[in-house]
Structures are given as C-alpha cells and as structure tokens.
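Peer 1: model this:
(one chain, ligands or ions: 2)
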Amino acid sequence: MEFFTIFCTAALLAGGLYWFVCVLGSAERKGKYAVQLSGGSIAKENVQDNYKQYWSFFRRPKEIETVENVPAFVDTFYNLVTDIYEWGWGQSFHFSPSIPGKSHREATRIHEEMAVDLLNVKPGARILDAGCGVGGPMRAIAAHSGANVVGITINEYQVNRARTHNKKAGLDKQCEVVCGNFLQMPFTDNSFDGVYSIEATCHAPKLEEVYSEIYRVLKPGSLYVSYEWVTTELYSGEDPEHVEVIQGIERGDALPGLRSYKDIAKVAKKVGFEVVKETDLAKPPSNPWWTRLKMGRIAYWRNHILVTVLAWLGIAPKGVVDVHEMLFVTADYLTRGGESGIFTPMHMILCRKPESKSGLNSD
Ligand SMILES: C=C(CC[C@@H](C)[C@H]1CC[C@H]2C3=CC[C@H]4[C@H](C)[C@@H](O)CC[C@]4(C)[C@H]3CC[C@]12C)C(C)C
Ligand SMILES: C[S@@+](CC[C@H](N)C(=O)[O-])C[C@H]1O[C@@H](n2cnc3c(N)ncnc32)[C@H](O)[C@@H]1O
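Peer 2: Ligands and ions are numbered 1, 2, ... in the order given. Modelled structure (predicted):
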C-alpha cells in the first residue's frame, strides 16, 4: 500500500512537471519548448556575459557613440532572445492589431498578408524580407501571394531556425534565407520586384542607410512597404514619464533610439522614393495591439518560474533568467507606450522607386 502511494505521488508529480514544462511552457505554434531554451549561437557558459555586454551597450540608447557596433549588438540581442520569443510568442516577431473573434495567430497572418497585398506582386515575383527573423511572415507571405521570398537577417541562429521551419512547412523552394547586414546587402542593384520590412528597420542607427540599400536593390517602378516603430504625435520629450517609457522600450528591444513618425517619409523621399501611402495601422478603428501583451502577464510569471528552475537545474543557460527578466520589464513599457498612445510599432509607409531617377529630392 505504501509503495502504491509513493508510486502514485511520483507519477502525479512527474505528470505535473511534464505538463508545466512541455505543455504549458510551449510556444503558441509548438515550435519551441522551455527545455530547449538556449542563447542562440552563443555557447551556454557565455550567455550571461553576453547579456551583460548587451545591457551596458544599450543602457542609454540615445547616447550610443559607436553606432557602427550596433549591428553586432543587435546580433547578440537576437542570440539571447530568439528562443524565448519563439517559445512565448511564436514564429512571427511582431505585433498586430487584435481582431475580435480571431486568434492571435489569425490576426498576425492578416497583418502580414496586408504587407504583400500592398506590394501588388504577381505569383513567381522575387521579393525581399528585410530583417526576416525566423521567417513567420515570410512563410505566410509566400503561401498567400505565390511570390518567391528572400529573407535577410543579421543573426545566423535565426537563419538556421528559419531554414528548418521553411523545410517543415514545405516552403523551402519558395523561401530562401541569407545571413547578412541590411545596411550592406549582398544583392545586385534592381533585383527585386518588391521589398517589405516588418518591425525590423527600427534597429538601424540611421534609417537613411537601410532605406537607400532597399532603394538600390528594388527594380524601378516597384514598391517597398515597411511597418515602423516610432513615437507618435502624442509623445513629448519634455514629459519625464514619456521619456522613461520610450527609453525602456529602446533598452529592452535593442533600438539605437526610436524615431519620430515625422522622420519616416522625410527619409524615404531623401533616398529617392515616392511616398504612396503613410498611416498608423494602430489607430482606430483598429483594436489595440498591446492587449495580447497585457493578457500574457500571468503566463510571464509562470515562464519566469520555469526559466529559473531550468537554469538552476543546469538545463537552460544561467543568463536566460536575466534575459527573461529584461523582456518581462520591456513588455510593461511596451504596454504603457501603447496605452498612452505615444508609441506605435506599426507606422506603415508604402513607397515606390520611380521609373527614372528624377524622383530624387532632398527635403
Ligand atoms: C519587433 C520587435 C519584437 C516585438 C515583439 C515580438 C517582442 C517585444 C517584447 C517581447 C516579449 C516580451 C515579454 C516576454 C515574456 C516575459 C516571456 O515569458 C515570453 C515572451 C515574451 C512575451 C516576449 C515575446 C516577444 C515580444 C512580444 C523588436 C525587438 C524590435
Ligand atoms: C523584431 S525582428 C522582426 C522579424 C520579422 N520581420 C518578423 O516580423 O518576424 C527584427 C529582425 O531584424 C533583423 N535585423 C536587425 N538589424 C539587422 C541588420 N542590420 N541587418 C539584417 N537584419 C537585421 C533581426 O535580425 C531580426 O531578424
């Protein structure tokens, strides 16, 4: 009888632990489990040190002097966060307006499909995803449009994840992933029928550098669409609370200084684009994008316990706990940015590369 009680208790505990770690702790798309959390391409024993280096570099984003080092630190950032993002968010590393009656996954897909619909490309066209993450948008866009998508990301770990996901989805013939810097892309001039970037160009220290690269690789007459992270017209640099929220967002998201919504079209025109359309997709009638973040709060607590236990057991690298805590805090700043309306992650700009170079202007 005693043996039976011990057996049942042990079985219950094991079952409970399995459920907590593998079922509750899995990503929305079951792509990643808590026990698989790593520091990307960083060796397990170096994760904590890399986190410290990241943190001291991005502590005061607007004061970064060595802007040429930003891409390397963005790469470190994505080594640190990619597994946690996949585990706790899914394969698309961006926000989308919530849609009543639709799941987060459906709302995400609609937001991604809108980008390629705006590009107006035909099946078989060659399009570029500048800053492709692990390829959630790329796969949705390839499946929806029939276009061939080339994605570029600075992070090699993401390249491998994206290729694995593309193969699993049976989209590896249509989707190609390249490791590289979108400030100096390994593509020839005028070689794409369309380009999109989803919540990625905010990592560029100078928007002009990435926009001019995109302009260079785009065929004349073709379109570029971007979802930009910006401060809105409600932001005031004189308001200490606004400044705290924006700095919190920058620090926890590897951003070398958020831009104002006013700067986006100016830069696009400066590099030669015609601006076709510009709008904040977060504005009503859209429903808030931050509700998903807010709703997840209880799960984040559970995740934090899980990550702490896994690090303590030596299964997850020690630094993962610090990274998770940073994201936890960042989620709160993002929510405050959304609720106050001073920040949007979906300021959409649609641009055309003119047929001739006469579209250049410098305002
Ligand atoms: C575009 C960018 C990333 C946007 C979002 C995909 C991510 C921003 C903040 C991230 C998260 C915050 C809290 C995490 C939580 C504590 C953890 O338990 C599970 C993962 C989070 C929800 C995580 C998921 C991705 C974000 C929402 C930037 C970098 C330009
Ligand atoms: C927030 S993620 C968005 C990823 C993807 N667009 C999505 O929505 O899932 C930002 C992406 O931009 C990439 N990125 C940032 N700076 C880059 C650079 N200089 N060159 C290439 N990719 C870069 C990151 O590696 C990451 O893949």
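
Peer 1: what residues does the stretch 151-300 of the chain put near ligand 2?
Peer 2: Contact residues (CB under 6 Å from any ligand atom) of the stretch 151-300 of the chain with ligand 2: 152-155, 158, 181-183, 198-200, 203. Just so you know, the C-beta spots here come from the backbone N, C-alpha and C atoms, and that holds for glycine as well.

Peer 1: Out of these, which sit inside strands?
Peer 2: Judged by DSSP state E, strands contain the following of these: 152-153, 198.

Peer 1: Spit out the contact partners of Val81.
Peer 2: Contacts for Val81 (CB atoms under 8 Å, 6 or more residues apart in numbering) come out as 323, 327.

Peer 1: and Lys219, what does it touch?
Peer 2: Lys219 makes contact with 190-193, 353, according to CB under 8 Å, 6+ apart.

Peer 1: Make JSON lines out of those and add distance to ligand 1.
Peer 2: Shown next, in JSON lines, are those (distance: CB to the nearest ligand atom, whole Å):
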{"residue": "Asn190", "distance to ligand 1": "29"}
{"residue": "Ser191", "distance to ligand 1": "26"}
{"residue": "Phe192", "distance to ligand 1": "22"}
{"residue": "Asp193", "distance to ligand 1": "25"}
{"residue": "Lys353", "distance to ligand 1": "25"}
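
Peer 1: Quick check on the residues you listed: which are buried?
Peer 2: 192-193, 353 (16 or more other CB atoms under 10 Å).

Peer 1: In strands, which of these appear?
Peer 2: Those of the buried ones among the contacts of Lys219 lying in strands (DSSP E): 192-193.

Peer 1: Now name the helix or strand holding Val149.
Peer 2: strand 148-153 (DSSP states H and E).

Peer 1: which residues of the stretch 101-250 of the chain fall in helices?
Peer 2: Under the criterion DSSP state H, counting those that start in this stretch, helices of the stretch 101-250 of the chain are mapped to 104-119, 136-145, 156-168, 207-217, 240-252.

Peer 1: Give me the phi and psi for the residue nearest in space to the middle of the chain.
Peer 2: Centroid-nearest residue in the chain, with CA atoms, centre = their mean: Phe93, separated by 3.5 Å. Phe93 adopts backbone torsions of phi -90, psi 60, taken as degrees, to the nearest 10.

Peer 1: didn't it look like it was pressed against Cys132?
Peer 2: No: Phe93 lies out of contact with Cys132 (CB atoms under 8 Å); the separation is 9.4 Å.

Peer 1: if I pick the nearest residue to Ser197 once chain neighbours are set aside, what's in contact with it?
Peer 2: Counting by CB to CB, 6 or more residues apart in numbering, Ser197 lies nearest to Ala130, which is 4.1 Å off, once chain neighbours are set aside. Going by CB under 8 Å, 6+ apart, Ala130 touches 152, 182, 185, 195-197, 200-201, 210, 214.

Peer 1: biggest separation within those, which pair?
Peer 2: Taking CB to CB, the two most distant members of the contacts of Ala130 are Met185 and Tyr196; they sit 14.2 Å apart.

Peer 1: Could you pick out the longest helix of the protein?
Peer 2: helix 319-340 (DSSP state H).

Peer 1: ok, back up a step: can you tell me which of the buried ones among the contacts of Lys219 lies closest to ligand 2?
Peer 2: For the buried ones among the contacts of Lys219, the minimum distance to ligand 2 (CB to the nearest ligand atom) is 15.2 Å, reached by Phe192.

Peer 1: Who is the closest one paired with across the strands?
Peer 2: Beta bridges link Phe192 to Leu218 when assigned by DSSP bridges.

Peer 1: any idea of the pLDDT on it?
Peer 2: In the predicted model, Phe192 carries a pLDDT score of 98.

Peer 1: do the same with Asp363
Peer 2: Asp363 carries a pLDDT value of 40.

Peer 1: Quick one: low-confidence residue ranges for the stretch 51-200 of the chain.
Peer 2: Within the stretch 51-200 of the chain, no range satisfies pLDDT under 70.

Peer 1: Those residues of it touching ligand 1, which are they?
Peer 2: Residues of the stretch 51-200 of the chain lying close to ligand 1 (CB under 6 Å from any ligand atom) are 84-85, 88-89, 93-94, 199.

Peer 1: out of those, which are buried?
Peer 2: Looks like these have 84-85, 88-89, 93-94, 199 buried, using 16+ other CB under 10 Å.

Peer 1: now those residues as CSV including distance to Arg302?
Peer 2: CSV is the format used below for those (distance: CB to CB, whole Å):
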residue, distance to Arg302
Ile84, 14
Tyr85, 17
Gly88, 10
Trp89, 15
Phe93, 21
His94, 24
Glu199, 26
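
Peer 1: could you dump the residues you listed to JSON lines with secondary structure?
Peer 2: As requested, those are arranged in JSON lines below (DSSP: H, G, I helix; E, B strand; the rest coil):
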{"residue": "Ile84", "secondary structure": "helix"}
{"residue": "Tyr85", "secondary structure": "helix"}
{"residue": "Gly88", "secondary structure": "helix"}
{"residue": "Trp89", "secondary structure": "coil"}
{"residue": "Phe93", "secondary structure": "coil"}
{"residue": "His94", "secondary structure": "coil"}
{"residue": "Glu199", "secondary structure": "coil"}
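
Peer 1: Of these, which is the nearest to ligand 1?
Peer 2: For ligand 1, the closest of these turns out to be Gly88, at 2.3 Å, with distances computed as CB to the nearest ligand atom.
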